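Visitor: Dropping a prediction and its sequence here:
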Amino acid sequence: MDARGHLHVLRALTRTEFRLRDQGTLLGFTWTLLHPLLLFLVLHTIFARMTGSGIDRFGAYLLIGIAFWNFFSSATAGAIQIFPRRAALIRNSNVSRTVLVLSGVLTYFLSHLLELSVLLPLLLLLGCVPGVHVLFLPVVLLLELLLVLGVSFLLSTAAVYFRDVERIWSILSLALFLMTPVFYAYRDIPGAQRVWVQANPVTHIVAFARGALLHHEVPGLRHLALFTAAVLALLAVSWALFRRQQGGFAERV
Amino acid sequence: MEYPTPRVTSRARDAPLLHVSDLSKHFRLRPARANLMRSIAAGFTRAPRRPERVALQGIDFALARGEALGVLGANGAGKTTLLKVICGIYPPTTGSVRCQGIVLPLFQWGLGFQPELDVMENLMLYGALVGIPRLALREQADDILDAAGLLRFPNTRVEHLSSGMQARLAFSIAMRARADLLVLDEVFSVGDLAFQNACGERLRGRREEGTAILLASHNLSLIEKECDRVLYLREGRMAALGPSGPTIARYRSDAGAGGE
């Protein structure tokens, strides 16, 4: 199949996945928007007077953090299920395994974009008036998409061989959430622990997004270049591992 | 091992589409209870290699454009494994599969169908999966629905169709796919007699257009009717490869003698 054919399959699969998300639930697609909003309400209620007391426009700060964390968290958790969910297709057809991962991640990315389009007006209400720096947002989204793809190639491959990945990732994901300044400020982290928060790539994505939307700033060139290089390196390694292992998926899934 | 020398037709010599040479496939047997810690430990220690099952050994044959080859054998003889290796679903352990064209595996009608979605949405999805371009799918949608007898039901959920109707829909779509080699595994057992006749007729049409067919089935009369040659597999090896009549007769006599 040529590139055009793969694109066609990618489009068809993504469309189907998107149509099927939240199928059977009473609220349907509304859940995609409701989930981050409810998480926002819970975290805002609990942390506004605690960690949030010293943070300027905490509501907007929190909402941006949740939206960008949410895409990372849900898409990577979804990546674990990509092959087990499509086991029959993997065992009985030669549809590109790469396209299956791409369609899984793109489905979540589309939800993320829709979610942002609804959240942006809400951010205005919360005192966040974007300036020209909002033009940097597409770069942040692209970097986050590449990061999620890198993690997803790794997780989806590992999940074919070890069911344990789902459990391990749920704990790791929680640890990453706590290590991301979503409901607290980076400056409040004790010095010794900053290195962990810095090593977490989602920290940087959330900081870039807040810079573009809330703080009217873009990261320094050195910071951006280093982060981009790290994301591309992760993607290259996980993609290479995925390519090496994909031949055995049909026998193992 | 004895088997007749592969009879390569003159057409095959002129334009071979598929070359399978010295193919073998071994499966490493997994323990009943996989264990992450044990797997990690095995990576660090010199754990004995897990036992293997030889599913295919020494498979050699060629297939010409427009030719139909039947694959026969008892359960567990390696028919499905062979077809999956040819389609690139399983990597071969040794040997090679070379195909000068597009291979379309058809192991299950409507593979990838989403029961919650309607006929039209599934038509677009399945059409994409079997490699039909989007524009062609849109143009041919009515013809496909008509051929499947579903012209009046484009918005019906697929889960409300009988399995026979789903098979008809999938078949009507798949037969429009641009493929040089169709690989079919026991897909004629679904559907009524009219469906089976239509399948046979359409396959003959595809062969006239130059599409080659690989067909695994337990239905001997179907294989005899549709295939020029037959590959008879026994315990993963080629027991015979030759014209349909004599090869099927040999398979029959082996099965009757309890050899199978």
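Guide: On my side now, so go ahead.

Visitor: can you give me the strands for the stretch 51-200 of chain B?
Guide: For the stretch 51-200 of chain B, the strands identified by DSSP state E, counting those that start in this stretch occupy B:52-64, B:68-72, B:94-99, B:103-106, B:181-185, in order along the chain.

Visitor: From the chain's centroid, how far away is the longest one?
Guide: Shown here is strand B:52-64, whose average C-alpha point lies 15 Å from the average C-alpha point of the whole chain (Cα atoms, centre = their mean, to the nearest Å).

Visitor: now swap in the shortest one and tell me
Guide: Offset of strand B:103-106 from its chain centre (Cα atoms, centre = their mean): 6 Å.

Visitor: That one and chain A in contact?
Guide: Yes. Strand B:103-106 reaches chain A (Cβ under 8 Å from any Cβ of the partner chain) through B:Val103, B:Pro105. In short, each C-beta sits where N, CA and C put it, glycine included.

Visitor: now the helices for the chain?
Guide: Unless you meant another one, I'm taking chain A. Here chain A has its helices, by DSSP state H, at A:3-20, A:30-47, A:58-85, A:87-92, A:97-125, A:137-161, A:164-178, A:191-199, A:201-210, A:221-245, A:249-252.

Visitor: ah, I was thinking of chain B
Guide: Applying DSSP H to chain B gives helices spanning B:10-14, B:36-44, B:79-87, B:119-129, B:134-147, B:163-174, B:193-208, B:220-226, B:244-256.

Visitor: before we move on, the earlier item: out of the strands of the stretch 51-200 of chain B, flag the one nearest B:Leu145.
Guide: Ranking the strands of the stretch 51-200 of chain B by distance to B:Leu145, with Cβ to Cβ as the measure, places strand B:103-106 first at 19.4 Å.

Visitor: quick one: average confidence on the closest one?
Guide: The average pLDDT for strand B:103-106 rounds to 95.

Visitor: For it, enumerate the helices and strands it packs against.
Guide: Identification of packing neighbours for strand B:103-106 by 3 or more Cβ pairs under 8 Å, 6 or more residues apart in numbering or on different chains; DSSP states H and E yields helix B:79-87, strand B:181-185.

Visitor: Does chain A have contacts with the first one?
Guide: Read that as helix B:79-87. Yes. Using Cβ under 8 Å from any Cβ, helix B:79-87 reaches chain A at B:Lys84, B:Cys87.

Visitor: what does that helix rub up against?
Guide: A:93-94, A:250, B:18, B:20, B:23, B:25, B:55-56, B:59, B:71-73, B:90-92, B:97, B:99, B:103, B:105, B:107, B:181, B:183, B:185, B:214, B:216, B:233, B:236 (Cβ atoms under 8 Å, 6 or more residues apart in numbering or on different chains).

Visitor: Buried residues in that helix, which are they?
Guide: Along helix B:79-87, these residues count as buried under the neighbour rule (16 or more other Cβ atoms under 10 Å in any protein chain shown): B:Lys79, B:Thr80, B:Thr81, B:Leu82, B:Leu83, B:Lys84, B:Val85, B:Ile86, B:Cys87.

Visitor: Tell me if stretch B:206-214 is near chain A.
Guide: No. Using Cβ under 8 Å from any Cβ as the criterion, no contacts between stretch B:206-214 and chain A are found, and the smallest distance is 13.9 Å.

Visitor: which residues are in contact with that stretch?
Guide: Contacts of stretch B:206-214 with the rest of the structure, by Cβ under 8 Å, 6+ apart, involve B:17-18, B:63-69, B:71, B:83, B:86, B:175, B:179-184, B:203, B:226-227.

Visitor: quick one: buried residues of that stretch?
Guide: Judged by neighbour count using 16+ other Cβ under 10 Å, the buried positions of stretch B:206-214 are B:Arg206, B:Arg207, B:Thr211, B:Ala212, B:Ile213, B:Leu214.

Visitor: Look up how far B:Trp109 lies from B:Phe195.
Guide: B:Phe195 sits at a distance of 10 Å from B:Trp109 (criterion: Cβ to Cβ, to the nearest Å).

Visitor: shared neighbours, these two?
Guide: The overlap between the contact sets of B:Phe195 and B:Trp109 (Cβ under 8 Å, 6+ apart) consists of B:Ala167, B:Phe171.

Visitor: Looking at these two now, which is surrounded by more residues?
Guide: Under the neighbour definition other Cβ atoms under 10 Å in any protein chain shown, B:Phe195 and B:Trp109 were set side by side, and B:Trp109 has more, 24 against 19.

Visitor: got a pLDDT number for the more buried one?
Guide: Predicted confidence (pLDDT) for B:Trp109: 89.

Visitor: Please apply the same query to B:Leu17.
Guide: With respect to pLDDT, B:Leu17 scores 94.

Visitor: May I ask you to confirm that it is in contact with B:Ala179?
Guide: No. With contact defined as Cβ atoms under 8 Å, B:Leu17 does not count as touching B:Ala179 (10.9 Å).

Visitor: Which single residue of chain A approaches chain B most closely?
Guide: With distances taken as Cβ to the nearest Cβ, chain A approaches chain B most closely at A:Ala12, which sits 3.6 Å away.

Visitor: That residue: how many residues sit nearby?
Guide: Using other Cβ under 10 Å, the number of residues around A:Ala12 comes to 22.

Visitor: show me what contacts it?
Guide: Contact partners of A:Ala12, counting by Cβ under 8 Å, 6+ apart, are B:Met124, B:Leu125, B:Gly127, B:Ala128, B:Leu129.

Visitor: again, 6 Å this time
Guide: Contact partners of A:Ala12, counting by Cβ atoms under 6 Å, 6 or more residues apart in numbering or on different chains, are B:Met124, B:Leu125, B:Ala128.

Visitor: Let me have the strands of the stretch 51-200 of chain B in JSON lines, extended by mean neighbour count.
Guide: Formatted as JSON lines, the entries for the strands of the stretch 51-200 of chain B read as follows, by neighbours: other Cβ atoms under 10 Å in any protein chain shown:
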{"stretch": "strand B:52-64", "mean neighbour count": "19"}
{"stretch": "strand B:68-72", "mean neighbour count": "25"}
{"stretch": "strand B:94-99", "mean neighbour count": "14"}
{"stretch": "strand B:103-106", "mean neighbour count": "22"}
{"stretch": "strand B:181-185", "mean neighbour count": "23"}
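
Visitor: Can you tell me which of those is nearest to B:Ser244?
Guide: When the strands of the stretch 51-200 of chain B are ranked by proximity to B:Ser244, the top entry is strand B:68-72, at 6.4 Å, counting by Cβ to Cβ.
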